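>>> Structure, please.
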Amino acid sequence: MAALMFVLCSGGPARAASPPTYYLALGDSGAIGAQVGQGATNEGYTDVLHAALKVDQPNLRLVKLGCGGETTTTMINGGICRYPAGSQLNAAIAFIKQHPGQVRYVTLSIGVNNVGCLLQGDIVCGLSGTGGLVTELPQITGKLRGAGGDTPVYASMTSYDPGLASWVTGGKAFAVASVALVDAFNAVQRAAAAAAGFQVADVNAAFSTHDFATKVTLAPYGTIPLNVARICVWTSQCTHNDGHANAAGYRQIAHSFLRVLA
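Numbering: from 1, shown residues only. Okay, the predicted model is just below:
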């Protein structure tokens, strides 16, 4: 009787805690929330996205494996950040295999460092980086999908255009031309995503990259196109010649991911 009363009063036998699930964040400095003059922060799109997803999934844990400066080549082979498995891609595959069925989400932002020099006017460097991007990005997305199968939801992203900041420094022609370069980059991103069954967070659209027609007033630049204004407000390109998003920009990127993950 005493034992029965204990069970009734205590709510029954203790239940085992639910096992954790994981959101695996992969890529370059964007994946770790780097901002101008800083390394990893807790204000990146992965942090914002994790907080939003965790509302309905309290056991969801964020695992950041991103590496500042990472290219598709170094993500496959290593060489910048240290991983016990030798490279970020190997580390990601190992994590997925060590947690079968528990990785719920995988996001990827990689490739900008392959072609960043193109937006600085270095065509030879940019073309070389583009070649690596075209061949290596599908390897990355394919191997991630091969490791995780259909259990996780996978998503990569299109890129915004830091080159638009040239508009406020007297380089309007380059600002306009830079959009076509980013479009070509994003076409590669979309193709690699489609081949491996990744969703695509359309960050390019969130930043209104093609909208030169809508005009806004932004101090100290005066009246400028909306796409230029969003680069100035959501990144540090106009103020510090640094294309990393700021906290507001990372929130926009997170919202773009949330649209395809939720």
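
>>> Show the contacting residues for the residue nearest the centre of the chain.
In the chain, the residue lying closest to the centroid (Cα atoms, centre = their mean) is S109, at 3.6 Å. Residues in contact with S109, defined by Cβ atoms under 8 Å, 6 or more residues apart in numbering, are L26, G27, D28, G30, A31, Y45, G66, S156, M157. Bear in mind the C-beta positions are built from the backbone N, C-alpha and C, glycine included.

>>> redo that, cut-off 10 Å
With contacts defined as Cβ atoms under 10 Å, 6 or more residues apart in numbering, the neighbours of S109 are 25-32, 44-46, 66, 70, 155-159, 189, 201, 203, 253, 257.

>>> among those, which are in helices?
Members of these lying in helices (criterion: DSSP state H): Y45, T46, Q189, V203, I253, F257.

>>> Could you measure from the nearest residue to the second one once chain neighbours are set aside over to V153?
Spatially, and ignoring its direct neighbours in sequence, T46 is nearest to A25 (4.0 Å; Cβ to Cβ, 6 or more residues apart in numbering). Using Cβ to Cβ, to the nearest Å, one gets 13 Å for the distance from A25 to V153.

>>> and if you look at T214?
When Cβ to Cβ is applied, the distance between T214 and V153 equals 33 Å.

>>> And stretch 43-59, what's buried?
Within stretch 43-59, the residues that qualify as buried by neighbour count (16 or more other Cβ atoms under 10 Å) are E43, G44, Y45, T46, D47, V48, L49, H50, L53.

>>> Burial check on I231, number of neighbours?
Counted by other Cβ atoms under 10 Å, the residues lying close to I231 total 30.

>>> just use 4 as the starting number from now, easier for me
Fine by me, first position is 4 from now on; the one you just mentioned is I234.

>>> was I right about it contacting D164?
Yes: here I234 reaches D164: they are 6.8 Å apart, a contact under Cβ atoms under 10 Å.

>>> on that earlier part again, for T217 and V156, indicate the residue with more neighbours.
Neighbours per residue (other Cβ under 10 Å) separate T217 from V156, with V156 holding more: 18 against 10.

>>> what sits against that one?
Taking Cβ under 10 Å, 6+ apart, we find V156 in contact with Y26, V106, R107, Y108, V109, T110, G200, F201, Q202, V263, L264, A265.

>>> Export the residues you listed as CSV, with columns for neighbour count, secondary structure and distance to I99.
Supplementary listing: these in CSV, determined by neighbours: other Cβ atoms under 10 Å; DSSP: H, G, I helix; E, B strand; the rest coil; distance: Cβ to Cβ, whole Å:
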residue, neighbour count, secondary structure, distance to I99
Y26, 23, strand, 12
V106, 25, strand, 5
R107, 20, strand, 11
Y108, 22, strand, 11
V109, 27, strand, 8
T110, 30, strand, 13
G200, 12, coil, 15
F201, 24, coil, 14
Q202, 16, strand, 17
V263, 17, helix, 20
L264, 20, helix, 17
A265, 10, coil, 21
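
>>> Quick one: those as JSON lines, columns for distance to V118 and pLDDT too.
As requested, these are exported to JSON lines (distance: Cβ to Cβ, whole Å; pLDDT from 0 to 100):
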{"residue": "Y26", "distance to V118": "27", "pLDDT": "98"}
{"residue": "V106", "distance to V118": "29", "pLDDT": "98"}
{"residue": "R107", "distance to V118": "31", "pLDDT": "98"}
{"residue": "Y108", "distance to V118": "26", "pLDDT": "98"}
{"residue": "V109", "distance to V118": "23", "pLDDT": "98"}
{"residue": "T110", "distance to V118": "20", "pLDDT": "98"}
{"residue": "G200", "distance to V118": "24", "pLDDT": "97"}
{"residue": "F201", "distance to V118": "19", "pLDDT": "98"}
{"residue": "Q202", "distance to V118": "22", "pLDDT": "98"}
{"residue": "V263", "distance to V118": "24", "pLDDT": "97"}
{"residue": "L264", "distance to V118": "26", "pLDDT": "94"}
{"residue": "A265", "distance to V118": "30", "pLDDT": "81"}
